[in-house]
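Asker: dropping the sequence and predicted coords here.
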Amino acid sequence: MTWTTKSSQTVYENPWIRVREDQVVRPDGSEGIYGVVDLRHEAVFVVALDERERVLLVHIDRYTVGSSWEVVAGGTDGEDPPVAARRELLEEAGLEASEWIRAGAMRALNGVCNARETVFIARGLSHTADPAAHRAEEGITESRWVPIADALGMSTTGEIADSETIAALAMATAKLAAR
């Protein structure tokens with residue numbers, strides 16, 4: 001029992017996403033339509049940890065949902081994920097890291113999206129740039145360092161509601177525990 005695509009039609013696209021409507025046969029044999037959002041490029045998430053195992057969170061004003069506490073993140077724009085992760089950390093936080101650990105990969109909103117994502121842990125941090133210009137463009141208003149366990153706890157109070165940040169924190173925690 002699998003899904004079968006009978007036809008597919010692009011209903012909207014831009015440089016970042018493509019929205020399509022597919023005529024499908026469901027696993028139970030019935031026919032229907034399915035809307036899918038394809039992200040053109042993979043996203044990266046950076047769990048930046050300082051020497052006290054605190055994670056950097058940025059407060060960002062998202063057009064779609066309003067204000068949100070999140071880990072450093074962004075699109076790869078076609079770059080290799082490790083390259084994009086380094087760029088995002090520099091742009092959003094003005095930081096470089098001497099140690100990079102791939103925590104894992106995930107997919108966002110897989111019921112309606114085809115969105116690949118890779119999570120990295122960054123350690124050995126040093127300030128190397130002023131992120132003010134990029135932060136203003138992105139809507140980042142502040143940042144703070146939070147013990148990683150407390151950041152995970154913020155997901156239970158609604159202070160962190162971004163599912164990708166929650167997943168990235170959980171993946172990083174699991175990866176570090178397995179080392």
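Answerer: Received it, and whenever you're ready, just let me know what you need. For clarity, every value in this text was computed on a predicted model and none was experimentally measured.

Asker: let me know the next secondary structure element after the helix or strand containing residue 68.
Answerer: Residue 68 is part of strand 66-70, with elements assigned from DSSP states H and E. Sequence order places strand 72-75 as the next helix or strand after strand 66-70, per DSSP H and E.

Asker: next SSE after that following strand?
Answerer: Next along the chain after strand 72-75, with elements defined by DSSP H and E, is helix 81-93.

Asker: run through the neighbouring helices and strands of the strand holding residue 68.
Answerer: Judged by 3 or more Cβ pairs under 8 Å, 6 or more residues apart in numbering; DSSP states H and E, strand 66-70 is in contact with strand 54-62, helix 163-178. All C-beta spots, glycine's among them, are computed from the backbone N, C-alpha and C.

Asker: let's have the ones you listed in a markdown table, adding distance to residue 116 and mean neighbour count.
Answerer: As requested, these are exported to a markdown table (distance: least, Cβ to Cβ, whole Å; neighbours: other Cβ atoms under 10 Å):
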| stretch | distance to residue 116 | mean neighbour count |
| --- | --- | --- |
| strand 54-62 | 20 | 19 |
| helix 163-178 | 12 | 18 |
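
Asker: can you lay out these as TSV showing distance to residue 112?
Answerer: Putting these into TSV (distance: least, Cβ to Cβ, whole Å) gives the following:
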stretch	distance to residue 112
strand 54-62	18
helix 163-178	13
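
Asker: what's the closest of the ones you listed to residue 80?
Answerer: helix 163-178 (18.4 Å; Cβ to Cβ).

Asker: the closest one versus strand 54-62: what angle between them?
Answerer: 170 degrees (axes from the mean of the first three to the mean of the last three Cα atoms, to 10 degrees).

Asker: mind listing residues that contact helix 163-178?
Answerer: 43, 45, 47, 49, 55, 57, 68-71, 73, 101, 103-104, 106, 108, 117, 119, 121, 148-149, 151-152, 155, 160 (Cβ atoms under 8 Å, 6 or more residues apart in numbering).

Asker: pull out the buried residues from stretch 69-89.
Answerer: 69-76, 81, 84-89 (16 or more other Cβ atoms under 10 Å).

Asker: quick one, phi/psi of residue 42?
Answerer: When read as degrees, to the nearest 10, the backbone of residue 42 gives phi -60, psi 150.

Asker: what's the answer for the one 5 residues further on, then?
Answerer: Comment: the main-chain dihedrals of residue 47 come out as phi -90, psi 90, following degrees, to the nearest 10.

Asker: which residues sit in contact with it?
Answerer: 55, 71, 103, 119, 120, 121, 122, 148, 168, 169, 171, 172.

Asker: what's the nearest residue to the last one if we skip its chain neighbours?
Answerer: Setting aside the residues directly before and after it, residue 172 is nearest to residue 47 in space (Cβ to Cβ, 6 or more residues apart in numbering), at 3.9 Å.
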